[in-house]
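Participant: here's a sequence, model it:
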Amino acid sequence: MTSVEHILDLRDFIDASPSSFHAAHEAGRRLSAAGFTQLLETQEWPAHGKHFVIRDGAIIAWITPESASATTGFNILGAHTDSPSFKLKPKPTTGRFGWLQAGVEVYGGPLLNSWLDRELQFAGRLVDLDGTQSLVATGPLLRFPQLAIHLDRAANDGLKLGKQAQMNPVWGQGHPGKEDLLGLLADRAGVDATTIGGYDIVVADTQSGQVFGAGNEFFAAGRMDNLTSVHAGLVALLEKADTGSPVIPVLAAFDHEEIGSGSRSGACGPILEDILTRVSDGLGATVSERRRAFANSFCVSADAGHAVHPNYSDRHDPANLPVLNGGPLLKINANQRYATDGTGAAIWANLCHETGAPYQEFVSNNDVPCGSTIGPLTATRLGIRTVDVGTPLLSMHSARELCGVDDPFHLARIVQTFFGTAV
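Facilitator: Sure thing, here's the model as predicted:
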């Protein structure tokens, strides 16, 4: 696969993944097509083979080779399926002055202005009273219309958007007492609205990804934070599926990273530890042997990072200025906002060398503190050495982000090497 082929496949993956539930479903669909078996957490599990588990908007996939023993290490690629957005509130149908609007709550930290004047969709899951879940993606349905410059002459001097007052999308005309947004979603999903007991619905952009630039070197799309990493891990795992490995390669794509990871499907929860423990149990591991397996393990936490912005270079560390198409980032922070340490950095550098792929280092400007990722959470919960890496972006948390065409491809290649290497 070339970098262009990879980026076009990433585009298709993003298009199929307007919500975390869709991302987990699409990853599972691709894995199933490649011979992986979906397991239920209520079942007994086979010891060896290619398997995956979906828990809500998270998916964990792994390959247990026939050669694996009770102390074989896990090589884990950690990522997340969710992106900053807006989530549909209860009693969602609102509106006035002949407009139908939707009550939404801000999810994570989106760049609010980037969501204005775009054709958007609702996407997520509807849950029946009997527990049956149905995915829904409406296609173009709603919009956050911006106030015209004639009615806000100071808009270009500093646009201020009230999350409650101004961020209420329109989706039609009519009277909110006579129309039902939930009924529309049920109709789009092909289910009976009267049987819906709950839902998890977010707002997503509908515009497909686009390659552009003088040399077709750029790629713009929504949700690249962090579907670039989920896709890279998925591609690498599928490439490794039939070639054998001295380790147990694992793709762990969690939900809810953008809001702190504190959920049953997030990195703060037990999902990864539960699954690794069950895989070890299937190999006959004692408690001591499982601890040895964890000591033999390594985690690459992959999340998007910041490339230097040509108009705001003062926001970056002057000695560390990563660029688009310069390779994935190795993210470093003295206060352990990223989990990378010296030993982990050396392991990552060696993986890149073995792959023949470039990488760059990212560290924050001291006056502009960085965010964090699932890396420190995974390292703390499991005690597994972890490095934080990721694809460099511009416009992170925008409705439409920007990366270089080569960087997601390099990340997938490095992860493929990682999945076949005992580190």
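
Participant: quick check: Asp56 touching Arg264?
Facilitator: Yes - assessed by CB atoms under 8 Å, Asp56 is found in contact with Arg264 at 7.1 Å. Using the backbone N, CA and C atoms, a C-beta is placed for each residue, glycine as well.

Participant: tell me which of these two has more neighbours.
Facilitator: Counted by other CB atoms under 10 Å, Asp56 and Arg264 do not tie: Asp56 has more neighbours, with 19 against 13.

Participant: neighbours of Gly383, how many?
Facilitator: 12.

Participant: ditto for the one 4 residues further on
Facilitator: When counting by other CB under 10 Å, one arrives at 26 neighbours for Val387.

Participant: residues in contact with it?
Facilitator: Val387 makes contacts with 299-301, 330, 339-341, 344-345, 347-348, 375, as judged by CB atoms under 8 Å, 6 or more residues apart in numbering.

Participant: could you export those as CSV, including neighbour count?
Facilitator: Converted to CSV, the contacts of Val387 look like this (neighbours: other CB atoms under 10 Å):
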residue, neighbour count
Cys299, 26
Val300, 29
Ser301, 29
Leu330, 23
Ala339, 26
Thr340, 26
Asp341, 15
Gly344, 25
Ala345, 15
Ile347, 19
Trp348, 23
Gly375, 28
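
Participant: residues of the lowest-mean-pLDDT helix or strand in the chain that come out buried?
Facilitator: Lowest on mean pLDDT, DSSP states H and E among the helices and strands of the chain sits helix 374-382, with a mean of 94. Across helix 374-382, burial judged by 16 or more other CB atoms under 10 Å covers 374-379, 382.

Participant: and that helix, what does it pack onto?
Facilitator: In terms of contacts (3 or more CB pairs under 8 Å, 6 or more residues apart in numbering; DSSP states H and E), helix 374-382 is packed against strand 74-80, helix 271-282, strand 298-302, strand 386-390.

Participant: export that helix as CSV, just CAs?
Facilitator: Only the C-alpha atoms of helix 374-382 are listed here, as CSV (Å, rounded to 0.1, in the frame of the first residue of the first chain):
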residue,chain,number,x,y,z
ILE,A,374,-4.7,7.6,27.2
GLY,A,375,-1.0,6.9,27.5
PRO,A,376,-0.5,7.9,31.2
LEU,A,377,-3.8,6.2,32.1
THR,A,378,-2.8,2.9,30.5
ALA,A,379,0.7,3.0,32.0
THR,A,380,-0.7,3.7,35.5
ARG,A,381,-3.5,1.1,35.3
LEU,A,382,-1.4,-1.8,33.9
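
Participant: let me know the angle separating it from strand 74-80.
Facilitator: Computed by axes from the mean of the first three to the mean of the last three CA atoms, to 10 degrees, the angle separating helix 374-382 from strand 74-80 equals 130 degrees.

Participant: neighbouring contacts of helix 374-382?
Facilitator: The contact list for helix 374-382 (CB under 8 Å, 6+ apart) reads 76, 78-80, 252, 254, 257, 261, 267-268, 272-273, 276, 294, 297, 299, 301, 303, 331, 336-340, 384-388.

Participant: now the buried members of those.
Facilitator: By neighbour count, with 16+ other CB under 10 Å, these hold 76, 78-80, 252, 254, 257, 261, 267-268, 272, 276, 294, 297, 299, 301, 303, 331, 337-340, 384-388 as buried.

Participant: now the helices for the stretch 201-350 of the chain?
Facilitator: Assigned by DSSP state H, counting those that start in this stretch, the helices in the stretch 201-350 of the chain fall at 224-240, 271-282, 287-295, 342-355.

Participant: quick one, which of those helices is nearest to Pro310?
Facilitator: Of all the helices of the stretch 201-350 of the chain, helix 224-240 sits nearest to Pro310, with 18.9 Å by CB to CB.

Participant: which element is the nearest residue to Ala285 once chain neighbours are set aside on?
Facilitator: Among residues not flanking Ala285 along the chain, Ala70 sits closest, at 3.8 Å (CB to CB, 6 or more residues apart in numbering). In the assignment (DSSP states H and E), Ala70 maps to no helix and no strand.

Participant: what's around Ala70, how many residues?
Facilitator: For Ala70, the count of nearby residues is 16 (other CB under 10 Å).
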